[in-house]
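Asker: Take this sequence and fold it.
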Amino acid sequence: MNRRQFLRTGLLAGAALAGAPMLNLGRCRLLGSPGPAISTRAADLVLGARVIDMLSLLTLDWPKLLRWHQGRAAFVERDFRALEIAGIDILHPAVETSSADPAGAAERWIGGWNSLLGSQGCFLARVDSPATLRAVPQQGKLGVILGFQNSNHFRTAEDVAAFYRRGQRLSQLTYNSRNELGSGCYEARDDGLSPFGAAVVAEMNRLGMAIDVSHCGERTSRDAIAASRQPVLATHSNCRALVAVQPRCKSDSLIRELAARGGVMGITMVRPFVSSSSSPNLDHVLDHFDHVARLVGVEHVGLGSDVDVTGIDPATGRRNPIYDIAGLEPRARVFQIADGLLRRGWSGRAIELILGENFRRALGEIWKDSKPRNLPTRRDPFCPAPRRRVPRVT
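Answerer: Predicted coordinates:
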């Protein structure tokens, strides 16, 4: 069963389209969700796009992820299918490294991912070059970009190359607080990018590692954009013009500077960054896409949802309140966003850009190309059938 056939089974639940040759007419209840039906045109767009979510997680159940990393539990086809339902082709499951030993924590994290990626060739593939950005979505696997939401594991500029060799391809310069590179967004005083931070930025440019300023303070973000010779990303941020009380959101002037250098900002679905309303909903999320597109063009906005496919807090077994946004289900989020943007008059091509093409373009400019990895010449007969791309609807 290929990707389209598998997803179609859920997409058509409750819809009288079982014999339709294309998902381009009417509406369907998404994946058996109790939420509102979406247009089948939105379904076609997502299924035909190369979807990249630049802050998305395999799971919020950290003990389970640790077991996968350590090989104490297998990542099996059931786990893969649960992720595949979301319609995402490539994800960036970064964490921050604020601990007593950030370098050791980063070593363990990236080592765990290398172990998992090396053992799960049927389902997961490393994405670390322009070649793999192009190839992995065609293989029927879920692509994984290795990165961190902090750079405090870089004790010297030479450490950038060491982590690059281990597979890291993106680093957020700071998390919420200050580190040796610069200031986080919740610092009362932002002194900007430090000389050490500037040296790390230069080394990241030299190697082809993407720079992320999602949690950086305003001045540190500006300094990084000015210092970089490559586009700078805000993988998961929202617009301060819409949520003025949140330092994590980006100002219009900063968004303009980021876009002027070719950068892209991913919109997050975390409740406090979506709206200051007591009842945030899907329209509030869509407002952020609209705002960036009007401000700097649709070429500079993408997905950075900051959630997994459930939004469930494993400690309680219930939805984490920070993901409680009316009209937005974590596993259906890409389809619901595409449907909402269509209702607002966005073109199919514009939606393809935000679903993945913008981040693919920016990463293609930043990364160095290399011989593709995880591209076997012979398919393992025990692997599930690969997903096939479907015709785009415009």
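
Asker: shaky segments in the stretch 1-150 of the chain?
Answerer: The stretch 1-150 of the chain contains residues with pLDDT under 70 at 1-25, 30-35.

Asker: quick one, strands of it?
Answerer: 27-28, 38-39, 52-53, 90-91, 124-126, 142-144, 147-148 (DSSP state E, counting those that start in this stretch).

Asker: show me what contacts T97?
Answerer: 105-106, 109, 148-150, 152-153, 175 (Cβ atoms under 8 Å, 6 or more residues apart in numbering). C-beta: built from backbone N, CA, C; applies to glycine.

Asker: repeat that for 10 Å
Answerer: 103-109, 148-154, 171-172, 175, 179 (Cβ atoms under 10 Å, 6 or more residues apart in numbering).

Asker: What is the neighbour count of D61?
Answerer: Per other Cβ atoms under 10 Å, the neighbour tally for D61 reads 17.

Asker: Who's the closest spatial neighbour of it, skipping the chain neighbours?
Answerer: P314 (4.2 Å; Cβ to Cβ, 6 or more residues apart in numbering).

Asker: In contact with the one you found, which residues?
Answerer: Contacts here follow Cβ under 10 Å, 6+ apart; on that basis P314 touches 59-64, 320.

Asker: still on that earlier bit, do you know which of the strands of the stretch 1-150 of the chain lies nearest H236?
Answerer: strand 52-53 (9.1 Å; Cβ to Cβ).

Asker: And the closest one, what does it pack against?
Answerer: strand 90-91, strand 301-303, helix 358-366 (3 or more Cβ pairs under 10 Å, 6 or more residues apart in numbering; DSSP states H and E).

Asker: ok, and what's touching it?
Answerer: 86-93, 127, 133, 137, 143, 145, 235-236, 264, 266, 302-307, 333-334, 354-360, 363.

Asker: From V264, how far off is the residue nearest to D61?
Answerer: Shown here: P314 relative to V264, a distance of 31 Å by Cβ to Cβ, to the nearest Å.

Asker: thinking again about what came up before, could you look over the helices and strands packed on strand 52-53 and pick the most buried one?
Answerer: strand 301-303 (a mean of 29; mean count of other Cβ atoms under 10 Å).

Asker: Provide a list of residues in contact with the spatially most central residue of the chain.
Answerer: For the chain, M54 is the residue whose C-alpha lies nearest the centre (Cα atoms, centre = their mean; 1.9 Å). Taking Cβ under 10 Å, 6+ apart, we find M54 in contact with 90-92, 94, 145, 147, 170, 210, 212, 214, 233-236, 264-268, 302-306, 356, 358-359, 362-363.

Asker: Touching, I90 and S56? I think so.
Answerer: Yes - in this structure, I90 is within contact of S56 by Cβ atoms under 10 Å, at 8.9 Å.

Asker: what touches both of the two?
Answerer: Residues touching both I90 and S56 by Cβ under 10 Å, 6+ apart: 144-145.

Asker: What ranges does the stretch 51-200 of the chain have for its helices?
Answerer: 62-70, 77-84, 102-119, 130-139, 158-165, 195-207 (DSSP state H, counting those that start in this stretch).

Asker: Pull out the buried residues from the third one.
Answerer: Within helix 102-119, the residues that qualify as buried by neighbour count (16 or more other Cβ atoms under 10 Å) are 102-103, 105-107, 109-110, 112-113, 116-117.

Asker: What number of residues are in the vicinity of R256?
Answerer: Using other Cβ under 10 Å, R256 is surrounded by 13 other residues.

Asker: Check what contacts the helix or strand hosting it and list those residues.
Answerer: Per DSSP states H and E, R256 falls inside helix 252-260. Helix 252-260 is contacted by residues 213, 216, 218-219, 221-222, 224-226, 231-234, 237, 239-241, 249-251, 263-265, 291-292, 295-297, 299-301 when judged by Cβ under 10 Å, 6+ apart.

Asker: Go again with 8 Å.
Answerer: Outside helix 252-260, the residues that touch it by Cβ under 8 Å, 6+ apart are 213, 218, 221-222, 225-226, 232-234, 239-241, 250, 264-265, 292, 295-297, 299-300.

Asker: now, which of those lie within strands?
Answerer: Counting by DSSP state E, the part of these found in strands is M265.

Asker: Buried among the contacts of helix 252-260? Need that as a selection in ChimeraX.
Answerer: To isolate the buried ones among the contacts of helix 252-260 in ChimeraX, judged by 16+ other Cβ under 10 Å, type:
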select :213,218,221,222,225,232,233,234,239,240,241,250,264,265,292,295,296,299,300
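
Asker: on that earlier part again, avg pLDDT for the helix holding R256?
Answerer: The predicted model gives helix 252-260 an average pLDDT of 98.

Asker: Tell me how the protein divides into domains.
Answerer: As given by automatic domain parsing, the domain ranges for the chain are 1-48, 49-366.

Asker: For the residue nearest to Q120 when sequence neighbours are not counted, list the residues it contacts.
Answerer: What sits nearest to Q120 in space, not counting adjacent residues and going by Cβ to Cβ, 6+ apart, is F75, at 5.1 Å. Residues in contact with F75 (Cβ under 8 Å, 6+ apart) are 68, 116, 120, 123-124.

Asker: before we move on, the earlier item: ok, and for the helix holding R256, which residues are buried?
Answerer: For helix 252-260, by 16+ other Cβ under 10 Å, it's 254-255, 257-259.

Asker: Dump the C-alpha coordinates for it into PDB.
Answerer: Once non-C-alpha atoms are left out, helix 252-260 reads as follows in PDB (Å, rounded to 0.1, in the frame of the first residue of the first chain):
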ATOM      1  CA  ASP A 252       8.300  43.000  11.800                       C
ATOM      2  CA  SER A 253      11.600  44.700  11.300                       C
ATOM      3  CA  LEU A 254      13.500  41.500  12.200                       C
ATOM      4  CA  ILE A 255      11.300  39.500   9.800                       C
ATOM      5  CA  ARG A 256      12.200  41.900   7.100                       C
ATOM      6  CA  GLU A 257      15.900  41.600   7.700                       C
ATOM      7  CA  LEU A 258      15.700  37.800   7.800                       C
ATOM      8  CA  ALA A 259      13.800  37.700   4.500                       C
ATOM      9  CA  ALA A 260      16.100  40.200   2.800                       C
END
